[in-house]
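Asks: just to be clear, the model below is a prediction. Sequence and coordinates:
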Amino acid sequence: MSQKQRMKRRKQKKKIKITLFGLVLIYIFFRSVPSLFAIGLKTELPERYRIRDAIETEGIIIKEEIVYTADGQGKIKLFAKEGERVPVGAKIAELTLIGDTSQLKERLEEIENKIEVLSKTNEENSLKNGYEANINNLIREIQNSISKGNYGLASKLKDRLSSYSKKDADITNNTLIESSLEALEKEKSKIEDQILNSIISYNSTEAGIVSYKIDGYEDKYSINNIDKYNYSNFKNIANNQTATSDGESVKVKQPIFKIINNFEWYILIRIDNVKEIASFEEGDFIVLSGKDIIGELRGYVERISIEGNKGIFLCKFNRDFQNYYDKRHVELDIIINEYDSFRIRKKSIVEKEGIKGVYIKDINGIVRFRPIEILKEDEEYAYISTGDKNSYITIGEGDEKLRTVRLFDEILLNPANVEEGMIID
C-alpha cells in the first residue's frame with residue numbers, strides 16, 4: 001500500500017472517530033437537556049390532612065333562661081358584666097324609679113295579705129299548750145269515771161277528747177306554718193324602703209351567666225319545650241336582639257337582663273334530607289363545625305324527629321357554652337365521616353398512560369412517577385388517598401396494587417419539564 005493510500009485511510013479513520021465522538025456528545029447533550037431544565041425545580045412534601053364529609057345546615061340554640069323585667073319606669077344601673085357567671089343572690093342591677101310604683105305596691109299588698117293569714121295561724125298555734133293541758137285533764141277524768149263505774153260520763157268526756165285532738169291536728173298540719181313569717185316581714189320592709197326611696201335592687205335567683213342581650217325568643221325556644229320542637233320551628237328566625245345598657249331608661253315590664261344556665265344547653269338542627277343522616281341514632285355522639293362554630297363542638301343526639309324526608313336533630317351539650325350564650329341562630333356543619341388524606345397542589349398532577357399521578361424525586365435524586373387516587377378537590381389543592389399501611393393503592397377495576405405518594409416524598413411542583421428516570425440535583 002502506497003504512502004498516499006495510507007494517509008487517506010488515516011484521514012478516513014480520523015473522520016469516523018470525530019463523527020462518532022460528535023454523535024456521542026450530541027446524544028449526551030440531548031439526554032442532559034431535560035435535566036438541565038429540571039435543575040432548581042421546586043419540590044414540596046405532601047401534607048397530612050383530615051377530610052370531612054359534612055352536611056351544611058342551620059341550628060337554633062335552646063337555653064334555660066330566666067328573664068328579669070322592670071317593676072317600674074326609671075333608669076337602670078348595671079353591676080354585673082355581660083357574659084359573667086354569677087352565684088345565687090348576686091346583685092345584677094338597680095332601678096331608680098320615676099313616678100309609678102304600682103307594681104311594687106301590688107307586691108306589697110300580696111305580702112301583707114300573706115302575713116295576716118300566717119299571723120292568725122300563729123295565734124291559733126300558740127294555743128296548743130292550752131289544748132294539751134285540757135287533754136291531760138280530760139284523760140284523768142275519763143280514768144276516774146271508769147274506775148267509779150260512771151260509764152255515761154266517761155263516754156261524753158271521750159267525745160270532748162276527740163274534738164280537742166282534731167283541733168290540735170288541724171293546727172299542727174296547717175301548711176301555712178311552713179312559710180316563714182320572719183322572711184315575709186323582711187321582704188315587706190325591703191319593698192317599703194324601695195317605694196320610699198324609689199330604688200329597686202335585682203338579685204339573681206339562680207346561678208348562671210348574665211346577659212343583657214334579649215332577642216324575644218326566650219319563651220319561644222325554652223328548655224321546657226324541648227320535646228315539642230320540629231322542622232317547622234325554623235321558619236322566620238330573625239335577629240331582633242336588643243341590649244340593655246348602663247344608665248338606660250326603661251319602662252314597666254321591659255326586660256332588663258337574663259340569667260342563663262350554662263351547664264346544659266341544646267341546639268335544634270334542621271335536616272333537609274333524612275337520607276344524609278341515616279347513620280345517626282338517638283344517643284349517638286355528634287361533632288359540629290362550620291361558619292358559626294368555633295373549632296369543633298361535641299355533644300349527643302338527644303332526639304330525632306322525622307317528617308317525610310325532612311326532620312330535626314335535638315342535640316345536647318355540656319361544654320363551650322361561653323362561645324354561644326348570646327347566640328340563637330347558627331350556621332353549622334354536621335360531620336358525617338372523617339378520614340386521613342394527603343393534600344397536594346393540583347398543578348403538580350400529571351397523567352401518564354391514562355393514570356393520574358405526580359412526579360417525585362427519590363432519595364437518589366431520580367424522578368419517579370407515583371399514581372394517586374383523588375378523594376376531593378378545591379380550587380388549589382387535591383386531597384389524595386394515603387393508601388394501605390404500605391402506601392399501595394388499587395387503580396381501576398384490577399387487583400394490581402401500585403405504590404402511591406408517601407409522607408416524605410418530594411413532589412415536583414412543575415412537572416412539565418421532567419420525565420421519569422431523570423436525575424435531579
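Replies: Cool, the structure landed.
Asks: stretch 400-407: which residues count as buried?
Replies: For stretch 400-407, a neighbour-count test (16 or more other CB atoms under 10 Å) marks Leu402, Thr404, Val405 as buried. Glycine gets a C-beta too; all of them are placed from N, C-alpha and C.
Asks: same check, this time on stretch 96-114
Replies: Leu97, Thr101, Gln103, Leu104, Arg107, Leu108, Ile111, Lys114.
Asks: re the thing from before, lowest-confidence one in the buried residues of stretch 400-407?
Replies: Checking pLDDT across the buried residues of stretch 400-407, the minimum falls on Leu402 at 90.
Asks: who does it bridge with?
Replies: Beta bridges link Leu402 to Ile393 when assigned by DSSP bridges.
Asks: in the stretch 301-425 of the chain, which spans are strands?
Replies: Taking DSSP state E, counting those that start in this stretch, the strands of the stretch 301-425 of the chain run over residues 310-317, 329-345, 349-352, 355-361, 367-371, 374-377, 381-384, 392-394, 401-403, 410-412.
Asks: tell me which of these lies nearest to Phe234.
Replies: strand 310-317 (8.1 Å; CB to CB).
Asks: with only the CA atoms kept, save that closest one in PDB.
Replies: What follows is strand 310-317, C-alpha atoms only, in PDB (Å, rounded to 0.1, in the frame of the first residue of the first chain):
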ATOM      1  CA  LYS A 310     -87.200  16.200  56.400                       C
ATOM      2  CA  GLY A 311     -86.600  16.300  60.100                       C
ATOM      3  CA  ILE A 312     -84.600  17.700  63.100                       C
ATOM      4  CA  PHE A 313     -81.800  16.700  65.400                       C
ATOM      5  CA  LEU A 314     -82.100  17.900  69.000                       C
ATOM      6  CA  CYS A 315     -78.500  17.800  70.300                       C
ATOM      7  CA  LYS A 316     -77.400  18.200  73.900                       C
ATOM      8  CA  PHE A 317     -74.200  19.900  75.000                       C
END
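Asks: output the contacting helices and strands for it.
Replies: Secondary-structure packing of strand 310-317 (3 or more CB pairs under 8 Å, 6 or more residues apart in numbering; DSSP states H and E): strand 265-271, strand 285-289, strand 297-307.
Asks: let's have these in a markdown table, adding distance to Glu56 and mean neighbour count.
Replies: Shown next, in a markdown table, are the helices and strands packed on strand 310-317 (distance: least, CB to CB, whole Å; neighbours: other CB atoms under 10 Å):
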| stretch | distance to Glu56 | mean neighbour count |
| --- | --- | --- |
| strand 265-271 | 10 | 22 |
| strand 285-289 | 10 | 17 |
| strand 297-307 | 15 | 17 |
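Asks: and those as a markdown table, adding distance to Tyr221 and mean pLDDT?
Replies: Converted to a markdown table, the helices and strands packed on strand 310-317 look like this (distance: least, CB to CB, whole Å; pLDDT from 0 to 100):
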| stretch | distance to Tyr221 | mean pLDDT |
| --- | --- | --- |
| strand 265-271 | 8 | 97 |
| strand 285-289 | 18 | 96 |
| strand 297-307 | 15 | 95 |
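Asks: any chance of those in a markdown table, with distance to Arg370 too?
Replies: Formatted as a markdown table, the helices and strands packed on strand 310-317 follow (distance: least, CB to CB, whole Å):
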| stretch | distance to Arg370 |
| --- | --- |
| strand 265-271 | 41 |
| strand 285-289 | 31 |
| strand 297-307 | 37 |
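Asks: distance-wise, check Ala382 relative to Arg48.
Replies: Separation of Ala382 from Arg48 (CB to CB, to the nearest Å): 14 Å.
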